[in-house]
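Asks: can you look at this prediction? I've put the sequence above it.
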Amino acid sequence: MSFKTLPALDFVSQDEMLTPLGRLDKYAASENVFNRQMVARSLLDTLREVCDDERDCIAVLERISRLADDSEPTVRAELMEQVPHIALFCQENRPSIPYAFSKFLLPIVVRYLADQNNQVRKTSQAALLALLEQELIERFDVETKVCPVLIELTAPDSNDDVKTEAVAIMCKMAPMVGKDITERLILPRFCEMCCDCRMFHVRKVCAANFGDICSVVGQQATEEMLLPRFFQLCSDNVWGVRKACAECFMAVSCATCQEIRRTKLSALFINLISDPSRWVRQAAFQSLGPFISTFANPSSSGQYFKEESKSSEEMSVENKNRTRDQEAPEDVQVRPEDTPSDLSVSNSSVILETTLEDHAAEASGKPLGEISVPLDSSLLCTLSSESHQEAASNENDKKPGNYKSMLRPEVGTSSQDSALLDQELYNSFHFWRTPLPEIDLDIELEQNSGGKPSPEGPEEASEGPVPSSPNITMATRKELEEMIENLEPHIDDPDVKAQVEVLSAALRASSLDVHEETINIEKRSDLQDELGINELPNCKINQEDSVPLISDAVENMDSTLHYIHSDSDLSNNSSFSPDEERRTKVQDVVPQALLDQYLSMTDPSRAQTVDTEIAKHCAYSLPGVALTLGRQNWHCLRETYETLASDMQWKVRRTLAFSIHELAVILGDQLTAADLVPIFNGFLKDLDEVRIGVLKHLHDFLKLLHIDKRREYLYQLQEFLVTDNSRNWRFRAELAEQLILLLELYSPRDVYDYLRPIALNLCADKVSSVRWISYKLVSEMVKKLHAATPPTFGVDLINELVENFGRCPKWSGRQAFVFVCQTVIEDDCLPMDQFAVHLMPHLLTLANDRVPNVRVLLAKTLRQTLLEKDYFLASASCHQEAVEQTIMALQMDRDSDVKYFASIHPASTKISEDAMSTASSTY
């Protein structure tokens, strides 16, 4: 045995006799690969040993250069892993070994970027990025040693794998080297790589990092050099490249101006959303919300809010002033909150006539009807038609944000023939779908009308037949109603929905008196240019006629027809029904096509054709979209939000629950009370996975509500104590955290009546982590109630603590009482004189407790916390004497731990450490 161990001992002793450089040389020349790996691994330790001698340091670095030529890839990879650490050492000891990194280490890193072994290349790439991130490479070295090598590696004749990796390194290092180097050295080659026709891998890497490059070089270079390449990549024949473009679209958009974003990038993004590849569509929809958020205008996203108490006259004046201030020559957007809530259209007349259109005209987007509107002035408003009675009954329920108006300059009101062209809002059915089979409604309606001539006289009647009349028989209306009723169960189908729209329009037309008048073609063309929409139904202003908007026969009929309404007296216009206003999703902040695609993310068919979690992505980005549109356009998102809030997937509802408080800040108190509170109430009764979302931000949401609305939730706080799984103790811990914040929102009486029982319940929780937070809650509650006038609630709470915990038959309850007292002392929740009167006598009686854990915690509290207060240090009183006597009694305790903590003065006084210590643990 001795003969076997002796050579090993001699071997160790020989190594100890060698110098650090000698050991390095010995093992670096070894034929054993593991010895050479060990040398590479111990280089940093060797440098530390010889750091005092500059020549030895240089010698070690020279040996590193020789070791870098090792033929074994594992040795080279091991060496490269140590380079960042060695470089940092050289930086810290720069006076001793100046320029060591630049001369000895950086050439190795750059050379390994083209190494034949994949592991060595990967290691060198990671080392280079780490060195750049820690700013260990001089700027001059980056320009002269790093960038030229990377440009050479991306040359057309370079190895495919090396080229792809070099492009990735160039993209990743761009944010680290800055705008100047990136524009001069990296950007030209990057643009070339974007057009690499031979390797799609290179194009894919360029597309994936396109956003980072754009953010570095800035707006001008992005628009002049990068955008043309981006357009090419977005139409690449490889779906992986297009998918990468969709994923970085937001970053590219942020680097462009608003005009390009709106005119070019929006159309490009629509192409990606309708891409043939499902994976591209999936990535595009995930990026849709972030892309929409880039249209946000800080000055408009935080629109100020009109109070409901303002009179309609004041609002009308403000509307006029705002219109004048904006100096809009043609179309001026009127914020929805500026529109009075008592709109009435009883004084206006809208006459709709359904005319025959052949297939060609229908396919070309010609208007389906002609509208005659006898009004005083021309105020264009998007209006969704529904029953007049429903609109009237909902007048008082209207909230700001439900109306969208387009204000135009007044036209002369003296001429009866003053014409204003109407326009249908964009309708995906009219724009995209092939025409439905033509329904010859006019002949049927004319037969039922008895061929009565038009009231306008023979001139008007000669222009064409009168296709409908208010005298149409109830049987025809009933048939239309039955057809609509039969189709409604299948309304989710876009084709069926379009048929319902047409039938509803026909039913509405059957109850309206229709007049045809000549159309002013020039005004139609002007209006088309102004509004930027291709389809313009015929609209005529008539000053004399005054006919009912909707006949009694169809007052209760719900229709999805959109038409244009004009009236100068907003205060007399009828309020629009909520269902129709949700369908009026017109705004001017974001391109409408983008918003339409975003709203379609809740369509069940999207989950089947795009992504099963597309609704979750929609919910995740909804606050950002809402902030971008502004609260004045909340009506565009309301229906989508309600759909998401009732989604079958709990992950979707959970996402909304975690962000509802942020959305409340965006919308303001009025819209929050109207639209978010009902959804918030629903989340409170949802699964625990959803409830935790609203619970974590309960204070943030409730503080935004009116005091009366806020008090309603006092009755529901108790429900948070009940969870689907009783082991979900983190839920109760979060409740305790939130209750601490909620104390400031409620009056002392509310705190005592509603929050106190919950707090005391949590103090007796089975899980210690919940109890520790609850002790803080109770102490803050004592502080608030005692500071109230009169402090009777505080005294009552203290008495209840003494009764329920100080005299609890269970030792854990008595221990909880000591913890509460300790927290009250540490946080100064009570003046010390009040503490000495109300709590200290009951605290000192626990010195005779039969459970050592209670006495140990009492000794800690008295010695480490109570005696630290000036009240007990500066004044000699009966209270101080009682504390000292109790401590002396504890020092004589039969338990060694009690003696220890009563006799010494440990440094730690933190309640959490006390709670977690073995001696004071409940378990």
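Replies: Yep, that arrived.

Asks: and the next element down the chain from the longest helix anywhere in the chain?
Replies: If you go by DSSP state H, the chain has its longest helix at helix 650-671. Sequence order places helix 677-684 as the next helix or strand after helix 650-671, per DSSP states H and E.

Asks: show me the contact partners of that next one.
Replies: Applying CB atoms under 8 Å, 6 or more residues apart in numbering, the set of residues contacting helix 677-684 from outside is 641-642, 645-646, 653, 656-657, 660, 690-691, 693-694, 701, 705, 709, 716, 719. The C-beta positions use only the backbone N, C-alpha and C, and glycine is treated the same way.

Asks: select only the buried ones of those residues in ChimeraX?
Replies: Buried subset of those, written as a ChimeraX selection, criterion 16 or more other CB atoms under 10 Å:
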select :641,645,653,656,657,660,690,691,693,694,701,705
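
Asks: got the angle between the longest helix of the chain and helix 677-684?
Replies: Interaxial angle, helix 650-671 versus helix 677-684 (axes from the mean of the first three to the mean of the last three CA atoms, to 10 degrees): 150 degrees.

Asks: just the CA trace of helix 650-671, in PDB.
Replies: What follows is helix 650-671, C-alpha atoms only, in PDB (Å, rounded to 0.1, in the frame of the first residue of the first chain):
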ATOM      1  CA  TRP A 650     -60.100  31.200 -17.800                       C
ATOM      2  CA  LYS A 651     -56.700  32.300 -19.000                       C
ATOM      3  CA  VAL A 652     -58.300  35.000 -21.100                       C
ATOM      4  CA  ARG A 653     -60.400  36.200 -18.100                       C
ATOM      5  CA  ARG A 654     -57.400  36.000 -15.900                       C
ATOM      6  CA  THR A 655     -55.400  38.300 -18.200                       C
ATOM      7  CA  LEU A 656     -58.200  40.900 -18.100                       C
ATOM      8  CA  ALA A 657     -58.500  40.600 -14.300                       C
ATOM      9  CA  PHE A 658     -54.800  41.500 -13.900                       C
ATOM     10  CA  SER A 659     -55.100  44.600 -16.100                       C
ATOM     11  CA  ILE A 660     -58.600  45.900 -15.300                       C
ATOM     12  CA  HIS A 661     -57.200  48.500 -12.900                       C
ATOM     13  CA  GLU A 662     -54.900  49.900 -15.600                       C
ATOM     14  CA  LEU A 663     -57.900  50.100 -18.000                       C
ATOM     15  CA  ALA A 664     -59.800  51.900 -15.300                       C
ATOM     16  CA  VAL A 665     -57.100  54.600 -15.200                       C
ATOM     17  CA  ILE A 666     -57.300  55.000 -18.900                       C
ATOM     18  CA  LEU A 667     -61.100  55.300 -19.100                       C
ATOM     19  CA  GLY A 668     -61.800  57.500 -16.100                       C
ATOM     20  CA  ASP A 669     -64.300  57.200 -13.300                       C
ATOM     21  CA  GLN A 670     -67.500  57.500 -15.400                       C
ATOM     22  CA  LEU A 671     -66.700  54.900 -18.000                       C
END
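
Asks: make residue 1 into 748 and carry on from there
Replies: In the new numbering, first residue 748, that becomes helix 1397-1418.

Asks: out of everything not next to it in sequence, what's closest to residue 1035?
Replies: In space, and not counting its chain neighbours, residue 1035 is closest to residue 1345: 5.4 Å by CB to CB, 6 or more residues apart in numbering.
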